[in-house]
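Participant: dropping the sequence and predicted coords here.
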Amino acid sequence: MAQKTLYIYRHGRTRYNLEHRVQGRGVNSSLDAHGLAQRDAFFEHYQAEGFELLLASSLKRSQESIAPFGLQLEQDIWHWPELDEVSWGIFEGQASTPEMHQNYKALMNAWGRGEYSAKIPQGESALDMAGRLRLALHKIEQLPQQKILICTHGATLSFLSALLQGQELKALRQYKHHNTGLSIFEQEGQHYRLKAQNEIEHLRFRNLLD
């Protein structure tokens with residue numbers, strides 16, 4: 001059976017990113033002008049890759065980021081809610097504050113200790129995220145396409161980076177991603193090898209780094 005290669009990247013910038021507001025599964029924002037420029041730069045850089053399948057989350061910022069590939073390839077973009085950003089619960093849509101940052105840091109530290117059921121009130125835990133992302137990965141394994149482009153979200157991509165490599169969930173904290181930063185995973189047996197992480201040459205070339 002042929003091995004898959006997954007090209008997974010974070011969506012372009014939104015106003016919530018610019019204003020440092022919490023933007024999880026509960027915020028369905030669109031790209032701002034800078035995010036649209038990042039999207040176009042990403043498309044121009046990778047349009048010749050010959051992707052066989054396009055996947056996005058159910059959120060607009062993901063769908064808008066990958067849209068040019070759908071037009072180019074004249075194929076539908078599949079929208080999977082399993083690829084949505086983590087829910088940050090009561091913090092969704094709020095401007096970041098020192099207290100909120102401390103709560104976020106405490107959550108990351110808890111996950112780093114293996115306390116994967118910890119979560120922000122009304123939000124998702126690491127176990128919740130891993131459960132729905134494992135469902136997405138199982139669906140991907142059943143597909144005949146081998147070269148797949150996936151546009152998702154920052155925390156989601158961090159979770160996927162750990163899951164695809166067969167790492168413990170606590171490893172997710174080491175994976176950081178710029179808007180439209182690309183990671184490439186090549187299948188090797190039951191797991192994937194990280195070939196590239198947070199590739200942003202397309203942003204540097206256009207002076208589009210946040």
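Facilitator: All right, it came through fine.
Participant: mind checking pLDDT for Val2?
Facilitator: Heads up, residue 2 is Ala, not Val. We have a pLDDT of 77 for Ala2.
Participant: show me where pLDDT drops low in this protein?
Facilitator: Scanning the chain for pLDDT under 70 picks out 1.
Participant: what pairs with Leu54 across the strands?
Facilitator: Leu149 (DSSP bridges).
Participant: the helix or strand hosting Leu194: partners in the sheet, and parallel or antiparallel?
Facilitator: For Leu194, the element it lies in under DSSP states H and E is strand 191-199. Strand 191-199 has the following sheet partners, assigned by DSSP bridges: strand 182-188 (antiparallel).
Participant: distance from the chain centre to the strand it pairs with, please.
Facilitator: In terms of CA atoms, centre = their mean, to the nearest Å, the centre of strand 182-188 is set 13 Å apart from its chain centre.
Participant: can I get the CA coordinates of that strand in PDB?
Facilitator: The C-alpha trace of strand 182-188 is given here as PDB (Å, rounded to 0.1, in the frame of the first residue of the first chain):
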ATOM      1  CA  LEU A 182       3.300  24.400   7.000                       C
ATOM      2  CA  SER A 183       4.300  21.100   8.400                       C
ATOM      3  CA  ILE A 184       4.900  18.000   6.200                       C
ATOM      4  CA  PHE A 185       4.400  14.400   7.500                       C
ATOM      5  CA  GLU A 186       5.500  11.300   5.600                       C
ATOM      6  CA  GLN A 187       4.000   8.000   6.500                       C
ATOM      7  CA  GLU A 188       6.300   5.300   7.800                       C
END
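Participant: state the distance from Tyr116 to Gln165.
Facilitator: 17 Å (CB to CB, to the nearest Å). (Glycine included, C-beta is placed from N, CA and C.)
Participant: please enumerate the strands of the protein.
Facilitator: 5-10, 53-56, 78-79, 147-152, 182-188, 191-199 (DSSP state E).
Participant: just to revisit the earlier point, which outside residues touch the strand holding Leu194?
Facilitator: By CB atoms under 8 Å, 6 or more residues apart in numbering, the list of residues contacting strand 191-199 from outside reads 5-6, 161, 164-166, 175-178, 181-187.
Participant: so which bits of that strand are buried?
Facilitator: Buried positions in strand 191-199, judged by neighbour count with 16 or more other CB atoms under 10 Å: Tyr192, Gln197, Asn198, Glu199.
Participant: and for stretch 63-73?
Facilitator: Neighbour-count burial for stretch 63-73 flags Gln63, Glu64, Ser65, Ile66, Ala67, Pro68, Phe69, Leu73 (criterion: 16+ other CB under 10 Å).
Participant: tell me who's in contact with the closest residue to the second one other than its chain neighbours.
Facilitator: Leaving aside its chain neighbours, Glu64 sits nearest to Leu31 (5.0 Å; criterion: CB to CB, 6 or more residues apart in numbering). Counting by CB under 8 Å, 6+ apart, Leu31 makes contact with His11, Gly12, Arg13, Thr14, Gln38, Arg39, Arg61, Glu64, Ser65.
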